[in-house]
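Q: Model the following, please.
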Amino acid sequence: MEFITQIIDTIYENFFDPKKRVFVGYLFSAIFISFFWLCIVKKKTLKECFYKIFDKKVFLSKSAKADYILFIINIIILMFLSPILITQLAIATVVFEYLHSQTFLTPIDASLQYLWLIPYFFTISYFVLDDLTKFITHALMHKIPILWEIHKTHHSARTLTPITIFRTHPLEGVIFVIRSALTQGVVIALFFYIYGDNITFITILGANLLSFWFHLLGSNLRHSHIWINYWNWLEKIFISPAQHQIHHSIKKEHYNKNFGVTFAIWDYIFGTLCTSKDNLVNKFGIT
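A: Below is the predicted model:
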């Protein structure tokens, strides 16, 4: 019974913790953005918008049902694996000790007048580096054959819903947990060494300030059937929902495109960017 309770608590946390991608507040904001886009931009009626957004052919599809099952399975697996996975604290400790053994970087005077800016610098630095490591890890998942065998579980989705984010092979979940721990550990250790205990995240409802706005502004629409694109110039800076849907496209010309999560600049730099202009998607999945 305790095991079942723990599973239920973890599911509850995913939907009611603002630090989680599918927090109900972010889901409601995605619905609001969808209505605004379809009604105001696409000039559809409210009835048409409703049936488009809550299309039962999407949310009750065989693919979507597989997403829901994998969501539960991965929760159970990570419950067992989490205690043995490396943590950000362990990584931060190792990096912090190393920094004390070198002389290139040194702590700064804690009396500097601009120290009030450090929490903002810390928050932005972590968000950007976290996005970069997500891009690198994601690209490697596609480029290295053995990692693709793991990652293609995610790309096997024929329909996209916000829960598709959890449609992953358990090993992919482990890889991304380690990636997150490494990123956080390095950034925390580096800032703590240089600025001492003056560092702290700027948060909203406990979530990183930038992560909060990223999710509130429609991150869940990236895994959805609602085609929302940005201006062409903006899609070279930020990944639009349409661009991530292109990433899931079955068309050959869309393979290995748009690995970015928030920023499109990584794809632009490494030549993997594909904007939504003239790139409509008709089908998701893998051949």
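Q: any idea where the helices of this structure begin and end?
A: Counting by DSSP state H, one finds helices in the chain at the ranges 2-16, 24-36, 46-53, 56-59, 62-81, 88-99, 118-143, 145-155, 170-195, 209-216, 241-247, 265-270.
Q: Tell me which of these lies nearest to Ile226.
A: Within these, the stretch nearest Ile226 is helix 24-36; the backing value is 4.9 Å (Cβ to Cβ). Yep, even glycine has a C-beta here, placed from its N, CA and C like the rest.
Q: And Tyr268, how close does it get to Phe104?
A: 31 Å (Cβ to Cβ, to the nearest Å).
Q: who has more neighbours, these two?
A: The neighbour comparison of Tyr268 against Phe104 (other Cβ atoms under 10 Å) goes to Tyr268, with 15 against 5.
Q: quick one, what contacts that one?
A: Tyr268 is in contact with Lys236, counting by Cβ atoms under 8 Å, 6 or more residues apart in numbering.
Q: what does Ala157 give?
A: Taking Cβ under 8 Å, 6+ apart as the contact definition, Ala157 lies against Ser63, Ala66, Asp67, Thr164, Arg167, His248, Phe284, Gly285.
Q: what's around the residue lying closest to the fourth one once chain neighbours are set aside, how many residues?
A: Take Thr164 and drop its neighbours on the chain: the residue closest to it by Cβ to Cβ, 6 or more residues apart in numbering is His223, 4.2 Å away. The number of residues packed around His223, counting by other Cβ under 10 Å, is 26.
Q: Let's have the helices of the chain in a markdown table, adding distance to Glu235 and mean pLDDT.
A: Converted to a markdown table, the helices of the chain look like this (distance: least, Cβ to Cβ, whole Å; pLDDT from 0 to 100):
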| stretch | distance to Glu235 | mean pLDDT |
| --- | --- | --- |
| helix 2-16 | 29 | 85 |
| helix 24-36 | 16 | 96 |
| helix 46-53 | 22 | 94 |
| helix 56-59 | 24 | 95 |
| helix 62-81 | 26 | 91 |
| helix 88-99 | 32 | 73 |
| helix 118-143 | 15 | 93 |
| helix 145-155 | 21 | 95 |
| helix 170-195 | 25 | 87 |
| helix 209-216 | 16 | 93 |
| helix 241-247 | 6 | 96 |
| helix 265-270 | 9 | 96 |
